[in-house]
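# After the sequence you'll find the predicted model.
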Amino acid sequence: MDIAHFLDILWLARTPILKGLGFTISISLLAICFGTLLGIFVGLALTYGIRPLRWIVRGYTDFIRGTPVLVLVLASYYVLSTIGLDLSPFQAGVLALAVFCSSHVGEIVRGALQAIPKGQTEAAKAIGLTFPQTFAYVLGPQALRQILPAWVNTAAEMVKASTLLSIIGVAELLLRTQEIISRSFLSLEFYFFAGFLYFIINYAIERFGRYVERKTAIPS
Amino acid sequence: MGYTLNFAAVWRSFDLLLEGLALSLALALGAILIGAAIGLFTAFCLISKNGFARRPAGIYVTIIRNTPILVLVLFTYFALPQLGFRLGKIESFIFTLALYSGAYLAEVFRAGLLSIPVGLREAGLAIGLTEIQIRTSIIAPLMFRNVLPSLSSTIISLFKDTSLAAAIAVPELTFEARKINVETFRVIETWIVASCLYVITCSILAALMRALERRLSVPR
Amino acid sequence: MTNRLRVAAAVAAFAMLPSLTAFAQETKSKLDEVLARGHLVLGTGSTNAPWHFKSVDDKLQGFDVDMGHIIAKALFNDPEKIEFVNQSSDARIPNITTDKVDITCQFMTVTGERAQQIAFTIPYYREGVGLMLKADSKYADYAALKAAGSAVTISVLQNVYAESMVHAALPEAKVDQYESVDLIYQALESGRADAAATDQSSLAWYMTQNQGRYKDAGYGWNPQTYACGVKRGDQDWLNFVNTALHEAMTGVEFDFYAKSFKTWFGKDLTPPQIGFPVEFK
């Protein structure tokens, strides 16, 4: 491995790499935003939904969680276009990741809500709160405390999963890296470098998650 | 939209997909068994008061958890031989996945270990068990029961991660699916069938784990 | 049952066609659509030199890309009027059939099975497979590889016929399949494979990029034809693309084609003979 040669090529390729990094981050952000909105609905439906709705949503999350993300990405790009929904690779990829994210967030929300002892709902009822009030003042805030740290970790998952969008031609960090490799043939060095960049991003997210966890912990 | 689904080509190669699925399961099983051993050992290190045990374990978990697994897979297969560490394709992938799952399982086990009351260890000491005996016959089994729910989700995501073995030409399910795609270009049909195989397998795994959970649960 | 339904639907659609298109052109071809749009949507990859890959200043280039430039020039008299759709190899046919691209030029081998799903243009290159060894390999050439029998491992691009393709040249060799070209080189470099078998054009490109590190085993086999692909059932568009490619190989745009050929394959072409058309010899 010739370090000087590698650095030389790395410097020449700085713009594509930065662009790829930007794409990776925006894909992840979009997927997390949409996925979280959908995921909250999923979580609420799983916990409080009427039975048929609960079954449908349960089927949805089970199917999504049982499928590798790679397959979700390919399906959203190709299968949707056969039913007339023509999405660009970027849109299709974000959709797949958002769907993936929603099943994660849904489970987190459900877990957090169900972890709250039943007595609290009963106590709220006893003092005359309606269900929306109970949710807003009693259940919601407590659940949020549990949800936030796990939710931050989901963000790291999204960043890692965004690598799969390279398969449908979204020019994120991994595809940019592969493009440089196909020109320079330094696959080892550049895969390693890409791994390093992903590590930095995810490590930052993880630290942030720890911080949130500390902030939301019940003071003892 | 002018595209007619035609599964004939996929059914013709269905045996290939099933063979791939069998290999996926074998890869996951091998990785989980080794990974569980690594994870348990790491978990004991993580809760150890000795910094020489704790810190390397912490670094290992942090690095692995924050790097996309695809990079790890490629690195083990292509970089390590240059450093004199040579494994076959399948062994190399199992090694990587075991290392990867070890980091995740370590966190799972750590949480389980922390949930075990100190009194049990003291009770063990009181009846004259050694430190090793306490860990293997009291703490580990109890911890195992406590962590079953999170263990089952780790196992399922591990099974899905076997799809990445396709990158180093291990003929598991995703590899076979891609192979059929290249041959027939029936991409949509192939992914539908492959994803159903994944979902069904995951549901079976989940059901097995739930049955195990029920069997091992503390009678109330 | 479904067939009958489909026939009924087709008949109904045909019955309605004249009334719908009475005021428009007779039949709407992709050609009109592309001209109206003002640029060509070309499907190709970005990770295979010298066919389709990114230059240092991040521009898509290569022989496939140049075929796109030829078609764009014929359409708009401007070779740059192209929108590229970046696709992996297994996306080539789905992207055509689902209308995500007007045309795909991505080192696509012509086969009977594929020709049932898309329409191939006339060929623009004839490829063959070659073997590449490390310069310091213990095997001198093809004969030595063949003599070594099952002791050699060959790295090759993933394909259904990859195994039989290698065995046609080296009947006893072990075959390791990889999903991208750089991985088969990496396998050779790390000693996992004794030789890499892939397209001669790719090998030649790799060897010029890495002077002195590799050598050609000196054997070629497995001829295959590369052509662009368009959606079936649009003869007008297919004719247009064929004309553009044909004239690049034999007519007014020959200089462009020859220059591209020289850039990516390092060989000079002799201009087509003047006089009686070469096609009918």
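That came through, no problem. Not measured: the values here are computed from a predicted model.
# Return the set of residues that bridge with C:Asn41.
Check again: residue C:41 is Val, not Asn. Taking DSSP bridges as the rule, C:Val41 bridges to C:Glu83.
# how near is it to C:Cys105?
From C:Val41 over to C:Cys105 the distance is 12 Å, taken as CB to CB, to the nearest Å. Where you see a C-beta, it was placed from the backbone N, CA and C, and this is true even at glycine.
# And these two? Which one has more around it.
C:Cys105 (30 against 19; other CB atoms under 10 Å in any protein chain shown).
# any idea where the helices of the stretch 51-200 of chain C begin and end?
With DSSP state H, counting those that start in this stretch as the criterion, the stretch 51-200 of chain C has helices at C:63-76, C:92-97, C:112-115, C:142-147, C:162-169, C:181-189, C:200-209.
# What number of residues are in the vicinity of the residue nearest to A:Gly49 when sequence neighbours are not counted?
Take A:Gly49 and drop its neighbours on the chain: the residue closest to it by CB to CB, 6 or more residues apart in numbering or on different chains is A:Val57, 6.4 Å away. Applying other CB under 10 Å, we find 20 residues neighbouring A:Val57.
# what's the answer for the one 3 residues further on, then?
If you count neighbours by other CB under 10 Å, A:Tyr60 ends up with 18.
# Pull the contacting residues for the residue nearest to the spatial centre of chain B.
Closest to where the C-alpha atoms of chain B average out (CA atoms, centre = their mean) is B:Leu158, at 3.5 Å. For B:Leu158, the contacting residues are B:Ala28, B:Ala31, B:Ile32, B:Gly35, B:Leu97, B:Tyr100, B:Ser101, B:Tyr104, by CB atoms under 8 Å, 6 or more residues apart in numbering or on different chains.
# State the distance from it to B:Gly30.
Look at B:Leu158 and B:Gly30: by CB to CB, they are 11 Å apart.
# partner residues bridging the spatially closest residue to C:Gln200 that is not a sequence neighbour?
The shortest distance from C:Gln200 to any non-neighbouring residue, by CB to CB, 6+ apart, is to C:Gly130 (4.0 Å). Judged by DSSP bridges, the bridge partners of C:Gly130 are C:Thr198, C:Gly220.
# The spatially closest residue to C:Ala187 that is not a sequence neighbour - how many residues pack around it?
Nearest residue to C:Ala187 in three dimensions, chain neighbours excluded: C:Ser155, at 3.9 Å (CB to CB, 6+ apart). By other CB under 10 Å, the residues close to C:Ser155 number 28.
# Check the contact between C:Ser155 and C:Ala197; I expect there is one.
Yes - using CB atoms under 8 Å, C:Ser155 makes contact with C:Ala197 at a distance of 7.3 Å.
# Which pLDDT does the model give the closest residue to chain A within chain C?
Here chain C gets closest to chain A at one residue, C:Asn86, 3.4 Å apart by CB to the nearest CB. pLDDT recorded at C:Asn86 is 89.
# same deal with C:Val11?
48.
# OK, contacts around the residue nearest to C:Ala187?
Contact analysis of C:Ser155 by CB under 8 Å, 6+ apart lists C:176-178, C:183-185, C:187-188, C:192-193, C:195-197.
# residues contacting C:Glu127?
Going by CB under 8 Å, 6+ apart, C:Glu127 touches C:Phe107, C:Thr109, C:Asp199, C:Gln200, C:Ser201, C:Pro223, C:Gln224, C:Thr225, C:Tyr226.
# can you do 7 Å?
For C:Glu127, the contacting residues are C:Asp199, C:Gln200, C:Ser201, C:Gln224, C:Tyr226, by CB atoms under 7 Å, 6 or more residues apart in numbering or on different chains.
# now swap in B:Arg65 and tell me
Contacts for B:Arg65 (CB under 7 Å, 6+ apart) come out as B:Ala103, B:Tyr104.
# Now do it against B:Ala22, distance only.
29 Å.
# one step back: the residue of chain C closest to chain A reaches A:Ile168, doesn't it?
No - in this structure, C:Asn86 is not within contact of A:Ile168 by CB atoms under 7 Å, at 8.5 Å.
# between the two, who's got more neighbours?
A:Ile168 (25 against 20).
# And that one, how close does it get to chain B?
The gap separating A:Ile168 from chain B is 11 Å, by CB to the nearest CB, to the nearest Å.
# which is the next helix or strand following the longest helix belonging to chain B?
When chain B is parsed with DSSP state H, its longest helix is helix B:14-46. Note on helix B:14-46: by DSSP states H and E, the next helix or strand toward the C-terminus is helix B:51-65.
# Between helix B:14-46 and that following helix, find me the angle.
Counting by axes from the mean of the first three to the mean of the last three CA atoms, to 10 degrees, helix B:51-65 lies at 150 degrees to helix B:14-46.
# Please spell out which residues along helix B:51-65 are buried.
B:Ala53, B:Ala57, B:Tyr60, B:Val61, B:Thr62, B:Ile64, B:Arg65 (16 or more other CB atoms under 10 Å in any protein chain shown).
# Excluding chain neighbours, what is closest to C:Gln209?
Among residues not flanking C:Gln209 along the chain, A:Phe185 sits closest, at 6.6 Å (CB to CB, 6+ apart).
# what helices or strands is the helix or strand hosting A:Pro132 leaning on?
If you go by DSSP H and E, A:Pro132 is part of helix A:131-134. Under the contact definition 3 or more CB pairs under 7 Å, 6 or more residues apart in numbering or on different chains; DSSP states H and E, helix A:131-134 sits against no other helix or strand.
# what's in contact with that helix?
Residues outside helix A:131-134 that contact it (CB under 7 Å, 6+ apart) are A:Thr121, A:Ala124.
# Mind checking the pLDDT average for the helix or strand that that helix is followed by?
The helix or strand immediately downstream of helix A:131-134 is helix A:140-161, counting by DSSP H and E. When pLDDT is averaged along helix A:140-161, the result is 88.
# hmm, the helix or strand that helix A:140-161 is followed by in reach of chain B?
With elements assigned by DSSP H and E, the helix or strand that comes after helix A:140-161 is helix A:173-184. No - taking CB under 7 Å from any CB of the partner chain as the criterion, helix A:173-184 and chain B are apart, separated by no less than 7.6 Å.
# Tell me the gap between helix A:173-184 and the middle of its chain.
Chain-centre distance of helix A:173-184: 24 Å, with CA atoms, centre = their mean, to the nearest Å.
# tell me which residues of that helix are tucked away?
Judged by neighbour count (16+ other CB under 10 Å), helix A:173-184 contains these buried residues: A:Leu173, A:Leu174, A:Leu175, A:Arg176, A:Thr177, A:Gln178, A:Glu179, A:Ile180, A:Ile181, A:Ser182, A:Arg183, A:Ser184.
# who touches the nearest residue to the third one once chain neighbours are set aside in this structure?
Translated: A:Leu175. If the residues on either side of it in the chain are set aside, A:Leu175 comes closest to A:Ser166, at 3.7 Å by CB to CB, 6+ apart. Contacts for A:Ser166 (CB under 7 Å, 6+ apart) come out as A:Glu172, A:Leu174, A:Leu175, A:Gln178.
# so how far is C:Pro50 from the third one?
Spelled out, it's A:Leu175. For A:Leu175 relative to C:Pro50 (CB to CB), the value is 19 Å.
# tell me the centre residue of the chain?
As the question left the chain open, I've gone with chain A. Nearest to the geometric centre of chain A sits A:Met158, at 3.6 Å (CA atoms, centre = their mean).
# my bad, chain C
Geometric middle of chain C (CA atoms, centre = their mean) lands on C:Phe107, at 1.5 Å.
# How many residues are close by the nearest residue to it once chain neighbours are set aside?
In space, and not counting its chain neighbours, C:Phe107 is closest to C:Trp51: 4.7 Å by CB to CB, 6+ apart. Using other CB under 10 Å, C:Trp51 has 28 other residues around it.
# How about the secondary structure of C:Gln224?
When classified by DSSP: H, G, I helix; E, B strand; the rest coil, C:Gln224 comes out as strand.
# All good on my end, thank you.
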